[in-house]
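Student: here is a sequence with its predicted model. Questions after.
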Amino acid sequence: MGLVMIRCPRTGQEIPTGIEMEREQFGSAPVFFARVDCPVCGRQHEWFAGDAWLCESTAVREADAALL
């Protein structure tokens, strides 16, 4: 299980979207559009599936969870 991540367009920092999924599920997901409240800059960002990646690293996930 991994956490879907995007990059904050204002700061460039990686941020969690709050969506978790398996790598196989992520790779076969249809193109979709979503919004996320950014814990870094405080704004809401719109993103497409193509802007995201799956983070399966426990250390990175713990650091990102601390931002929430």
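Tutor: Everything's here; your move.
Student: how many neighbours does the closest residue to Phe33 other than its chain neighbours have?
Tutor: Leaving aside its sequence neighbours, Phe33 sits nearest to Phe48 (C-beta to C-beta, 6 or more residues apart in numbering; 5.5 Å). (Glycine included, C-beta is placed from N, CA and C.) When neighbours are counted by other C-beta atoms under 10 Å, Phe48 registers 11.
Student: next, count neighbours for His45.
Tutor: 19.
Student: my guess is the residue nearest to Phe33 contacts Ala29, does it?
Tutor: No: with contact defined as C-beta atoms under 8 Å, Phe48 does not reach Ala29; the gap is 11.2 Å.
Student: where along the chain do the strands fall?
Tutor: 2-7, 14-21, 33-37, 44-48, 53-55 (DSSP state E).
Student: tell me the angle of the longest one relative to strand 44-48?
Tutor: Angle, strand 14-21 to strand 44-48, by axes from the mean of the first three to the mean of the last three C-alpha atoms, to 10 degrees: 60 degrees.
Student: near Arg35, how many other residues are there?
Tutor: Count around Arg35 with other C-beta under 10 Å applied: 10.
Student: ok, what's across the strand from it?
Tutor: Going by DSSP bridges, Arg35 is paired in beta bridges with Glu46.
Student: what about Glu46, distance to Gly2?
Tutor: Applying C-beta to C-beta, to the nearest Å, the value for Glu46 to Gly2 is 22 Å.
Student: more neighbours: which of the two?
Tutor: Looking at Glu46 and Gly2 with other C-beta under 10 Å, you find the greater number of neighbours at Gly2, namely 18 against 11.
Student: quick one, what contacts that one?
Tutor: Contacts for Gly2 (C-beta atoms under 8 Å, 6 or more residues apart in numbering) come out as Glu20, Met21, Glu22, Arg23, Phe26, Leu54, Cys55, Glu56.
Student: that one pairs with what?
Tutor: Going by DSSP bridges, Gly2 forms beta bridges with Met21.
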